[in-house]
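Novice: Everything below, folded, please.
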Amino acid sequence: MEAQTTAHNDDALWNGANLIVEFLNESERQEEAIRVTEELKKRKEQVTEIIAEYSTIGSESITETLENIRLAGERFWVDYLSLDVWRKIDESSRRELVDAFVTEIMLKKGVLRGWSQVVFSLCKVLERETADILFTKWIELIQQAVFSIPSDASKNVLKRIKTREITFGTLKSCSEPPVHPPTLGQLVFVSKFWSDDIMNQCTDLFVTINEKAEPFCKNYALKVQELSQFLEDKHPYNEESPSFVDLRNASAHPGHEDDFTWSEHIPWLKESLGKPPKEVLRLVVELKRK
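Specialist: Model prediction:
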């Protein structure tokens, strides 16, 4: 590739794309070659438009322009979430939110395809921040906790205990080295059983956490319950009605590109993260208080 470059200004990328046109022509697939040529031309024009819109001076490269877009993305999220919330979420989450902003610009301009990547970035922020307050901050307590089934439990209660035992086992497994936070789908169950009578009969883990957290965050357990309700919300659109978990899982795995109308769920995700009545990230920040 000759000298060291960035992906945004390396001619090898465009040259490689043009090879597709050559191969199609050699295979006598002229109509496809014309279509690809037109698509490449259009994307180059769109990159030029982006540079014109977001560059501070006419001579800026696409790399410098992307930095300007990232700055615009940071300003957007600070205004959207508030400076207080922005500062208190994880640095990786801040980067992910800015990445989502940049990707959305590129999608709207037609340079990129695939809206699911924006959805995945937003869902990963929710997953990371939820894991921080329901798992990461309490790893030592989770490692020490035990689960014991009451000897006098009825058959009906034993069936209900099974689900709680699986959730508890997930937390224990995730807390063992190498530590790995639970997925968003697993965290939904953790939050659901956070103040659960049957769970509390089998382990004192969540009672202990709530007692330790309450002096620093009033109504801690109630706020976790509120978060749990948000995590189980669904967003109806036409015949689709995905939850956060549905969107997260489908956007993370190839082959699910047609599962949802991705662009229609992005506004709902943003509003859930940063706008009343939910403001999930503000709620998370309240639960983060030391």
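Novice: Show me where the stretch 101-250 of the chain has its helices.
Specialist: For the stretch 101-250 of the chain, the helices defined by DSSP state H, counting those that start in this stretch occupy 116-134, 139-144, 155-175, 184-192, 197-202, 205-213, 220-231, 244-252.
Novice: Throw the ones you listed into CSV and include distance to V102 and mean pLDDT, thanks.
Specialist: C-beta coordinates here come from the backbone N, C-alpha and C atoms, glycine included. Below are these laid out as CSV (distance: least, C-beta to C-beta, whole Å; pLDDT from 0 to 100):
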stretch, distance to V102, mean pLDDT
helix 116-134, 10, 96
helix 139-144, 33, 97
helix 155-175, 31, 96
helix 184-192, 23, 97
helix 197-202, 42, 96
helix 205-213, 36, 97
helix 220-231, 26, 96
helix 244-252, 17, 95
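Novice: just so I know, which of those lies nearest V280?
Specialist: Taking C-beta to C-beta, helix 220-231 is the member of those nearest to V280, at 5.4 Å.
Novice: And the closest one, what does it pack against?
Specialist: For helix 220-231, the packing partners by 3 or more C-beta pairs under 8 Å, 6 or more residues apart in numbering; DSSP states H and E come out as helix 116-134, helix 184-192, helix 205-213, helix 280-288.
Novice: still on that earlier bit, turn the helices of the stretch 101-250 of the chain into CSV, including mean neighbour count and distance to I20.
Specialist: What follows is the helices of the stretch 101-250 of the chain, written out as CSV (neighbours: other C-beta atoms under 10 Å; distance: least, C-beta to C-beta, whole Å):
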stretch, mean neighbour count, distance to I20
helix 116-134, 23, 22
helix 139-144, 14, 49
helix 155-175, 15, 44
helix 184-192, 21, 37
helix 197-202, 16, 56
helix 205-213, 17, 55
helix 220-231, 18, 43
helix 244-252, 22, 27
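Novice: Have a look at this structure and report its longest helix.
Specialist: If you go by DSSP state H, the chain has its longest helix at helix 30-54.
Novice: For the helix or strand just after that helix, buried residues please.
Specialist: Per DSSP states H and E, the first helix or strand lying C-terminal to helix 30-54 is helix 62-81. Using 16 or more other C-beta atoms under 10 Å as the test for burial, helix 62-81 gives 62, 64-66, 68-70, 73-74, 77-78, 80-81.
Novice: Lowest pLDDT pick from the residues you listed?
Specialist: Least confident entry in those, by pLDDT: I62, with 67.
Novice: Let me have the helices of the stretch 101-250 of the chain in a markdown table, extended by distance to W268.
Specialist: Shown next, in a markdown table, are the helices of the stretch 101-250 of the chain (distance: least, C-beta to C-beta, whole Å):
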| stretch | distance to W268 |
| --- | --- |
| helix 116-134 | 10 |
| helix 139-144 | 32 |
| helix 155-175 | 27 |
| helix 184-192 | 16 |
| helix 197-202 | 30 |
| helix 205-213 | 30 |
| helix 220-231 | 12 |
| helix 244-252 | 9 |
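Novice: Of the ones you listed, give the one that comes closest to E279.
Specialist: helix 220-231 (9.3 Å).
Novice: who's in contact with the closest one?
Specialist: With contact meaning C-beta atoms under 8 Å, 6 or more residues apart in numbering, helix 220-231 is reached by 130, 133-134, 184, 187-188, 191-192, 194-195, 206, 210, 213-214, 217, 243-245, 272, 278, 280, 283-284, 286-287.
Novice: cool, and stretch 18-26?
Specialist: Residues outside stretch 18-26 that contact it (C-beta under 8 Å, 6+ apart) are 30, 32-33, 36-37, 40.
Novice: Columns neighbour count on top of the residues you listed, output as JSON lines?
Specialist: What follows is the contacts of stretch 18-26, written out as JSON lines (neighbours: other C-beta atoms under 10 Å):
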{"residue": "Q30", "neighbour count": "10"}
{"residue": "E32", "neighbour count": "14"}
{"residue": "A33", "neighbour count": "18"}
{"residue": "V36", "neighbour count": "18"}
{"residue": "T37", "neighbour count": "16"}
{"residue": "L40", "neighbour count": "15"}
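Novice: just those residues now: which is nearest K88?
Specialist: Using C-beta to C-beta, the contacts of stretch 18-26 come closest to K88 at L40, 43.6 Å.
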